[in-house]
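[1] Return atomic coordinates for the entry below.
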Amino acid sequence: MKERILILLFCIMIILPSILYIVMPPDKTAAEMENRQMASGVLDTGETERGIVAKALDLLTAGGDLSAAVEDVFNDNIPFRGSLIKTNTNLNLSLFHTLGSNQVVLGKDGWYFYNNETDNSPLKQFALGSSLSEDQLQTVTEQLTKMKDLAKENGAEFIFLIAPNKPEVYPEYVPDAYRKTSTERIYYQLGAYLSENTEITVLLMQDELDKLSPKYTSYFKTDTHWNNLAAFIATQNLATATGLQENHIELDELEITLTHDSGKDLLNLAGIGDANIDDNQYTIEGFMDEVTTEEWLVNEIGTRQKVKTNSPNDKKLLMYRDSFAEAMIPYTSKYFSESYYISGYPRDRDDKSMSQWLAEENPDIVVFEIVERSLADLPEFLEVD
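    Here you go, the predicted model:
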């Protein structure tokens, strides 16, 4: 009898996940935690006329790996995935003071760091250094020069703005396992190369952000991004570099309040997004309050944004950008009557060439903003036409 009960329990344990997979909806919190789209294609039976078999045949015809695809779908959509990840992370934190994540590392004093090696891990770049070969430097320089020349042909000024990696700004919070063994950084290497060989205006933001310490903090503890204050400083540098204002606005002239709000993208990736941790966010009041937003349009997937204001300045902005510029948009837009923001590099996630955007939007200033870790991708992905 005892053996039969054990066999029955074993069978239930084997069969139950498959039954739950069928009857329960996918755990949407897992996609938010892992910051990616979960696999669904092969086993998605939403197209009832085709179903699983037809989709499987399509995949095999295209030369795909059906077994790997099925495994990915099952793993990504297993019931309670988000809760299981959260439980595992909390156990690792409690017992071993680690996260057990291949994307996030717990640093010192409650600081978290992004460590996804498929996304040019900032921690790895910090510890081992980063650099481009001479050929890669030339390739990137050629493409950036194309951007500058296209902008100039359309009567626009071109600015290249680079946000530093978080570990470089706050090395004191990096865990000892990632001790710096090289001082090489693409950040300074490319900046110097462009300054020596081109007339491109390059804005390297680290020195400006370092000036905020110790009174202010420029990056979140629980997020890979810089905060509102750092975004404001970046906007100030952009405004003075383009002649939109003569000098930086002094921070003492503004009302800056520490709110402790968190960006939490690293907590989400680690599976503990609901953790209540005080962080380094600020509100800024008293900055160009007379300029207000009249229209703010965003496409369905958030890759394009257009902002219109009542600014007396009739200039227009076109910015290619990554997620770091998201916090800049409320401040940058105040300097322009119209601002257009495009996520990614030229041609990276967009069906229009830079020439088309320039012809349609007729901007006065073109900005290419990028975070340091992504500079390593430019030789392969930056293509300007």
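[2] For residue 354, grab the count of nearby residues.
    24 (other Cβ atoms under 10 Å). Glycine gets a C-beta too; all of them are placed from N, C-alpha and C.
[3] what's it in contact with, if anything?
    Contacts for residue 354 (Cβ atoms under 8 Å, 6 or more residues apart in numbering) come out as 147, 150, 346, 347, 384, 385.
[4] Skipping adjacent residues, who's closest to it in space?
    residue 346 (4.5 Å; Cβ to Cβ, 6 or more residues apart in numbering).
[5] so how far is residue 235 from the one you found?
    Using Cβ to Cβ, to the nearest Å, one obtains 22 Å as the distance from residue 346 to residue 235.
[6] same thing with residue 246?
    For residue 246, the distance to residue 235 - Cβ to Cβ - is 15 Å.
[7] Looking at these two, which one has more neighbours?
    residue 235 (25 against 7).
[8] pull the CA atoms of the helix or strand hosting the more buried one into PDB?
    In this structure, residue 235 sits in helix 228-241 according to DSSP states H and E. What follows is helix 228-241, C-alpha atoms only, in PDB (Å, rounded to 0.1, in the frame of the first residue of the first chain):
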ATOM      1  CA  ASN A 228      16.600  62.300 -12.700                       C
ATOM      2  CA  LEU A 229      19.400  64.500 -11.400                       C
ATOM      3  CA  ALA A 230      22.000  62.900 -13.700                       C
ATOM      4  CA  ALA A 231      19.600  63.200 -16.600                       C
ATOM      5  CA  PHE A 232      19.200  66.900 -15.800                       C
ATOM      6  CA  ILE A 233      23.000  67.300 -15.700                       C
ATOM      7  CA  ALA A 234      23.300  65.600 -19.100                       C
ATOM      8  CA  THR A 235      20.600  67.900 -20.500                       C
ATOM      9  CA  GLN A 236      22.500  70.900 -19.200                       C
ATOM     10  CA  ASN A 237      25.700  69.800 -20.900                       C
ATOM     11  CA  LEU A 238      23.700  69.300 -24.100                       C
ATOM     12  CA  ALA A 239      22.200  72.700 -23.900                       C
ATOM     13  CA  THR A 240      25.500  74.500 -23.400                       C
ATOM     14  CA  ALA A 241      27.300  72.500 -26.000                       C
END
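[9] What residues does residue 245 make contact with?
    Taking Cβ under 8 Å, 6+ apart, we find residue 245 in contact with 236, 239, 335.
[10] go with 10 Å
    Listed by Cβ atoms under 10 Å, 6 or more residues apart in numbering, the contact partners of residue 245 are 236, 238, 239, 288, 335.
[11] need these in JSON lines with neighbour count and pLDDT, can you?
    Output for the contacts of residue 245, formatted as JSON lines (neighbours: other Cβ atoms under 10 Å; pLDDT from 0 to 100):
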{"residue": "236", "neighbour count": "21", "pLDDT": "97"}
{"residue": "238", "neighbour count": "25", "pLDDT": "97"}
{"residue": "239", "neighbour count": "20", "pLDDT": "97"}
{"residue": "288", "neighbour count": "14", "pLDDT": "96"}
{"residue": "335", "neighbour count": "21", "pLDDT": "97"}
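[12] Name the spans of the stretch 51-200 of the chain whose pLDDT lies under the cut-off.
    Residues of the stretch 51-200 of the chain that meet the criterion pLDDT under 70 lie in 51-100.
[13] follow-up on the earlier one: can you list the buried residues in the helix holding residue 235?
    For helix 228-241, a neighbour-count test (16 or more other Cβ atoms under 10 Å) marks 228-239, 241 as buried.
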